[in-house]
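Asker: take this sequence and fold it.
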Amino acid sequence: MSNAPLQRAKFTVPMLAVSKSEQKKIAMITAYDATFACIVDAAGVDIILVGDSVATVFQGERTTLPVTLWEMEYHTRLVAKTRPRAMVVGDLPFGTYQVSPELAVTNSVALIKAGAECVKLEGGIHVASAIKAITQADIPVMGHIGLTPQSYHRMGGNKVQGRTDGIDPGSRDRLLEDAHSVEQAGACALVIEGIPGELAREITSKVSIPTIGIGAGVFCDGQVLVLHDALGLSDRSFKFAKAYAGLRTTSIDAITTYVDEVRLGIWPDDLHTFH
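Answerer: Numbering: from 1, shown residues only. A predicted model of the protein is given here:
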């Protein structure tokens, strides 16, 4: 195990292209508040994603669909206030970019003003015009194809994509076209979620922008995980995620001890009492 350097260069949008050209893997993880933003930045991640996954892991929602732009601005601001060396990416929530390219630009500006250094949105061919408009406003965009959680109802749930041939949404050929469209529209990076590893490998080899995988195998240019999954804070487990710690169990044990000490009258002790 190696510790992240105490001082490292700020990770910026141009460094995405450099990382791909130099074959340096990119590490991205989610964070939604200042405390965890400081922790993941100290660990040396390259990118902090203020994801709309805040809805499911932080707010208790069943899907990411209910989260609002105001809420994404709020959480982005909390993370950005820590001034991390990692790049801050803010997620555009459902309904903020699908209506028109103009609305997509307006809402991207809101996230940038909140402290994001890049915005992320889901979709391929059908959002290419939005990506182009946002980038023409001089705002960096990260794409997201494959299993796109905001398409929950169209997919019939969060299901692996790219296993079938054809041009229908979620098919192998469509995903290749989606990746090309996102790249051509001007995106600086591309998240690939929930697709077979070999397809992710093919996409990664065919696009000039770095790919960041989640449930997409090892051949992507980088990886992203949801913070709560990586720390073992969730009571659920997923095939695409790995718990690098068991903080849910640790936290329950700690609070159980606190409750016991309160009920036994041994907390607070003399050392923690003012005199």
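
Asker: from here on, contacts and neighbour counts on C-alpha atoms
Answerer: OK.

Asker: poorly predicted segments of the chain, please.
Answerer: 1-6 (pLDDT under 70).

Asker: which residues of it fall in helices?
Answerer: 14-21, 34-42, 54-57, 69-80, 101-114, 128-136, 152-155, 172-185, 197-206, 227-230, 247-264 (DSSP state H).

Asker: what sits against the residue lying closest to A133 once chain neighbours are set aside?
Answerer: The shortest distance from A133 to any non-neighbouring residue, by C-alpha to C-alpha, 6 or more residues apart in numbering, is to P101 (5.8 Å). Residues near P101 by C-alpha atoms under 8 Å, 6 or more residues apart in numbering: 129-131, 133-134.

Asker: now H75
Answerer: Counting by C-alpha under 8 Å, 6+ apart, H75 touches 32-33, 50.

Asker: which residue is nearest the middle of the chain?
Answerer: L49 (4.1 Å; C-alpha atoms, centre = their mean).

Asker: who does it bridge with?
Answerer: T30, V89 (DSSP bridges).

Asker: isn't it right up against P84?
Answerer: No: counting by C-alpha atoms under 8 Å, L49 does not reach P84; the two are 11.9 Å apart.

Asker: hmm, back to that, show me the contacts for the residue nearest to the centre of the chain.
Answerer: Contact partners of L49, counting by C-alpha under 8 Å, 6+ apart, are 28-31, 88-91.

Asker: repeat that with 6 Å
Answerer: Taking C-alpha atoms under 6 Å, 6 or more residues apart in numbering, we find L49 in contact with 29-30, 89.

Asker: among the residues you listed, which ones are buried?
Answerer: Buried by 16 or more other C-alpha atoms under 10 Å: 29-30, 89, out of the contacts of L49.

Asker: and which of the contacts of P101 is nearest K24?
Answerer: I131 (25.5 Å; C-alpha to C-alpha).

Asker: contact partners for the closest one?
Answerer: By C-alpha under 6 Å, 6+ apart, the residues touching I131 are A185.

Asker: right, I'll leave it there.
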